[in-house]
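Asks: My questions are about this predicted structure, shown below with the sequence.
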Amino acid sequence: MDLTLDYNVELFPLQNDESFALALATSLARGGAPTTANATDGAEENSDEKERDVWRPDGKGRRGLEDDYDYVMYGKVYKFDGGSTEIVTVYASFGGLLLSLTGSFRHLTSIVLGDPIYLLVRK
């Protein structure tokens, strides 16, 4: 995989050749985002309400994946470029900070154009 990432180096400084762990997620909820395909309207409202409370700036929400990482960004996938059948590039924007991830189609199949995405990084 080839990663190009624009991020705030003042908040999360990294040195050349320093290793880090990076994760991409569609939700901060542990175990993934709740599914609502088979839910009734009332259950869908409850799952939306639970999802809203995963992270709150006042610290009163449920704890999610953000507790395990040092730097978290929220954004959207805005472009999915399939240059060849096997190698693809995904582009995401995190409020103007950009990500480009190039790799095997098999590893990037769960990333969907237009979907929200969380980027989580730790040393």
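Replies: Thanks, I have the structure now. Residues are numbered from 1 along each chain as shown.

Asks: so which strand or helix has Thr4?
Replies: For Thr4, the host element (DSSP states H and E) is strand 2-5.

Asks: who's in contact with that strand?
Replies: Residues from elsewhere that reach strand 2-5, judged by Cβ atoms under 8 Å, 6 or more residues apart in numbering: Leu22, Leu97, Leu98, Leu99, Ser100, Leu101, Thr102, Gly103, Leu119. Using the backbone N, CA and C atoms, a C-beta is placed for each residue, glycine as well.

Asks: Can you say which two of the residues you listed are spatially most distant?
Replies: The largest separation in those, counting by Cβ to Cβ, is between Leu97 and Gly103 at 20.0 Å.

Asks: quick one on the thing from earlier: give me the buried subset of the contacts of strand 2-5.
Replies: Using 16 or more other Cβ atoms under 10 Å as the burial test, those include Leu99, Leu101, Thr102, Leu119 as buried.

Asks: Please name the nearest non-neighbouring residue to the first one.
Replies: Spelled out, it's Leu99. Sequence neighbours aside, Ala92 is the residue nearest to Leu99 in space, at 4.4 Å (criterion: Cβ to Cβ, 6 or more residues apart in numbering).

Asks: next helix or strand past the helix or strand hosting the one you found?
Replies: Assigned by DSSP H and E, Ala92 belongs to strand 87-94. Of the helices and strands lying after strand 87-94 in sequence (DSSP H and E), the nearest is strand 97-104.

Asks: Which elements pack onto that following strand?
Replies: strand 2-5, strand 71-81, strand 87-94 (3 or more Cβ pairs under 8 Å, 6 or more residues apart in numbering; DSSP states H and E).

Asks: Now these in a markdown table, please, with extra columns for mean pLDDT and distance to Gly31.
Replies: A markdown table is the format used below for those (pLDDT from 0 to 100; distance: least, Cβ to Cβ, whole Å):
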| stretch | mean pLDDT | distance to Gly31 |
| --- | --- | --- |
| strand 2-5 | 94 | 25 |
| strand 71-81 | 93 | 17 |
| strand 87-94 | 94 | 22 |
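
Asks: Thank you, goodbye.
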